[in-house]
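Enquirer: quick check, what structure comes out for this input:
(chains A and B)
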Amino acid sequence: MSQLEVTDLARGFGGVQAVRGVSFTLESGELLALIGPNGAGKSTCFNLLNGQLRPDSGRVRLDGVDLVGRTPRRIWAMGVGRTFQITATFASMTVAENVQTVLLSRARRLFGLWRPASRQFRDEALALLARVGMADQADRPCGVLAYGDLKRVELAMALASDPKILLMDEPTAGMAPAERLELMALTAALVRERGLAVLFTEHDMDVVFGHATRLLVLDRGTIIADGPPDAVRTDRRVQAVYLGDES
Amino acid sequence: MSFLLVQALSGLATAATLFLVSSGLTIVFGVTRIVNFAHGSLCMIGAYLGWSLIERFGGSVGGFWGSVALASLGAGALGAAMEVGLLRRLYRSPELFQLLGTFGVVLVAQDAVAWVWGPEDLMGRRAPGLKGSVDILGQPFPLYDLVLIGLGPLVLGLLWLLFTRTRWGVLVRAATQDRDMASALGVDPARLFTGVLFLGSALAGLGGALQVPREAVNLHMDMAMIVEAFVVVVVGGMGSLTGAFLAALLIGQLQAFGILVFPQITLVLVFLFMAVVLVLRPHGLMGRAEDAPPAAAAAAPVLRLGNRGGWIALALLALLATAPLLVGDYAVIVLTEMVILALFAASLHVLIGLGGLVSFGHAAYFGLGAYGAALLVRHLGAPMPLALAAAPLVAGLGALIAGWFCVRRSGLYFAMLTLAFAQITWSVAFQWSGFTGGDNGLLGIWPSAWASGKAVYYWLTLALCAGALALLRRAAFAPFGYALRAGRDSALRAESVGIDVRRHQWCAFALAGSAAGLAGGLYAFAKGSVFPTLMAVSVSVDALVMILLGGVQTVSGPLAGAALFHLLESQVMRATDLWRLLLGLTIVALVLLFPRGIVGVLSNRRERS
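Expert: Residues are numbered from 1 along each chain as shown, chains lettered A, B, ... in the order given. Here you go, the predicted structure:
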């Protein structure tokens, strides 16, 4: 069992307070959705959690260990994985090599100068790719994959470090509706299998209410609701501030 | 006191010329995002044109200033022509191609100017009415220099008016901010950019023509000017006029007083200043952070570890090893150099092909290896094997130091920093004549007796280079190479999966540097001498051209490129004096034919099929 504990997180840019007083917890087995209108501070929140940005104040603890002030690399090594809104894979490598590179990184073997990388951790990489349904494309270059397939590769790369916490920034952005539900079903299955804790942002309400075990609603940098989907759905403040935007 | 004042004033006069040339470079960069290597050549052409016109019409005050203005306009027209013929096609190309393309123009201009005006330095006529000097606290100071000092701020003021008070200037600034938006609003960017190139080049030409009464016009002006202008523009912040003015003032003073304190290393001082500024203020004194990183090179295709590659390499090695039994001494010498250059090009490919790091100063490490070996022989009487062993160590150490600075920046700034460090090593070799032999180099660096036969030395070279190449190839396909490619493909993703991109790049820089150093050491003994020209920009560019010829996308490409390049060079150079002109035209043709890079062309084909 792992736990991410966020207390009173705040970060401003010049005069704009992008995130303030954000507190929540995330535990193994949870698929926690972070939603909110554009500019609510979701991306800033993500960047604060994985060390891309340094908070002005507040704490982020993983199983009691403070993450604030550590580099993204270090936080990754401690078990916080991340996927990005805009897919970013290593385009000059094959699908399997992408995953192998992450496995090599985890094993701290990236300064190896002799043994060919493509022959190390190949079986482990293929097993991970099989889990996300990409085993049959393992030897295709990443640069030619369809968008939805890239998202799956990214998921396999994120899993390769065997993270305790996985941060997914708009995991289904740009995908067709059927693909979205498929990818989230896969993510939910992984959460159950591996005891993973996932925090994800999402604009598609079908995805959010269909799969999230809990919801956080962010508005203008603060959390205005935190609870199970049904409770958040009927929350009047959420409806006014967030869902009201669309009507 | 009065001496210091005069020194400061002469620093100001230097700064004025420096600013004129640099302002042109920074304006062109601000709008087109291209670092125009040929800017120095336009300055030189302005000086030569100015010299000819002043010789003919410069007797009267009006004739003199008219000649200067005409020379400036001539350089401007050439710049505009260059925009239409070359730059226009490169705006969306990888930086490597933009830098190489404009460097091709530099080479063409060098031979063309030498052909028209001859190789001798040309002393110009003094400016009529400004021949004398004025007394400043008892010290004489040239009147002409005083005029120059006034000209700097005047031009800055005029440019400021142009860019803030005229419609054209406002449009140019709009295009600088957002090229696509400007063209969406109905501004024709093509005409605007041609105009900007005209303006920038005219400023370069003006700076050149104004030098005629001060110093002899010569064929080295282009590189001297462009390198100094680079420093000014980078220190001031690329694209910033006021920054360029400030930086020109600072560097003018640095040169004026540096020559009093450290006469041996004035050039080093300037580049050290730039390196320090870049580390402290990464975007220069007045520069702003770029919104988006400069356009990345086209995605490289997948590198595959072929099964047959090893056998082909062994067969080629066997063939090369038997060559001395089949061909004469001259061919063996050419082959020796070819093998050395292959290692040099392959070492640069580690940076470019795997790390996406375009170095414009890789010759520094080739030269450091050569000088490291030669200095050991000269000053310590070291035997050849020891000197050869030291070559990669010396170069690797140099690369470790320079690399620490360089990998902190990416894209164009990385290219500029590598260039700066190459110029530092070059100027040490050039200026510290007591130790390095200066311009005369070090002679008599011959192999040990057992390796003095051409064939034996060739075999030694072949063995060492093949070994080093095998190591580089292993590294490329080992996890190290993958980490480098990961950092190039997506630095963000690489960092987020625990890859220390910067450290890998640093190590790659050192690895590439020491491999180039070994090549340099072998080259020193092959030639029996070393010269500062080994570290010149043109040698760095030669290596880039080799890679370009062979293709960036394969590990073996640089080897083929080096062989082809050296073959062409050694054959064409024997046949004609216009080698640089031909090489320059070849480079320009290459970047025009493959504006997105050879890789881009290949992926285009794939998309179509």
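
Enquirer: what's the following helix or strand after the helix ranked longest in chain B?
Expert: For chain B, the helix with the greatest residue count under DSSP state H is helix B:2-32. Counting by DSSP states H and E, the next helix or strand C-terminal to helix B:2-32 is helix B:39-57.

Enquirer: list the buried residues of that next one.
Expert: By 16 or more other Cβ atoms under 10 Å in any protein chain shown, the buried positions in helix B:39-57 come out as B:39-54. C-beta here means a position set from N, CA and C on the backbone, and glycine is covered the same way.

Enquirer: and the angle for it with helix B:2-32?
Expert: Inter-element angle recorded for helix B:39-57 and helix B:2-32: 120 degrees (by axes from the mean of the first three to the mean of the last three Cα atoms, to 10 degrees).

Enquirer: now do the contacts for the most centrally placed residue in chain B.
Expert: Ranked by distance to the mean C-alpha position of chain B (Cα atoms, centre = their mean), the top residue is residue B:537 at 4.5 Å. Counting by Cβ atoms under 8 Å, 6 or more residues apart in numbering or on different chains, residue B:537 touches B:103, B:223, B:227, B:360, B:361, B:363, B:419, B:422, B:423.

Enquirer: sorry, back to before: nearest to chain A among the buried residues of helix B:39-57?
Expert: Minimum distance to chain A across the buried residues of helix B:39-57 is 33.8 Å, recorded for residue B:39 (Cβ to the nearest Cβ).

Enquirer: just give the closest residue to that closest one, not the sequence neighbours.
Expert: Leaving aside its chain neighbours, residue B:39 sits nearest to residue B:25 (4.7 Å; criterion: Cβ to Cβ, 6 or more residues apart in numbering or on different chains).

Enquirer: same deal with residue B:443?
Expert: Residue B:443 sits nearest to residue B:529 (Cβ to Cβ, 6+ apart), 4.7 Å away.

Enquirer: again, but for residue A:228
Expert: Nearest non-adjacent residue to residue A:228 (Cβ to Cβ, 6+ apart): residue A:214, at 5.9 Å.

Enquirer: which residues does the one you found bridge with?
Expert: residue A:32 (DSSP bridges).

Enquirer: what is the burial count for it?
Expert: By other Cβ atoms under 10 Å in any protein chain shown, the residues close to residue A:214 number 19.

Enquirer: show me what contacts it?
Expert: Counted by Cβ under 8 Å, 6+ apart, residue A:214 has contacts A:30, A:31, A:32, A:33, A:226, A:227, A:228, A:229.

Enquirer: repeat for residue B:507
Expert: Residue B:507 touches A:111, B:480, counting by Cβ under 8 Å, 6+ apart.

Enquirer: buried ones in the helix or strand where it lies?
Expert: Assigned by DSSP H and E, residue B:507 falls within helix B:501-527. For helix B:501-527, the neighbour count (16+ other Cβ under 10 Å) marks B:501-502, B:504-527 as buried.

Enquirer: please state the offset of that helix from the chain centre?
Expert: 18 Å (Cα atoms, centre = their mean, to the nearest Å).

Enquirer: who touches the very next helix or strand once past that helix?
Expert: Per DSSP H and E, the first helix or strand lying C-terminal to helix B:501-527 is strand B:529-530. Outside strand B:529-530, the residues that touch it by Cβ under 8 Å, 6+ apart are B:367, B:370, B:371, B:374, B:441, B:442, B:443, B:444, B:445, B:524.
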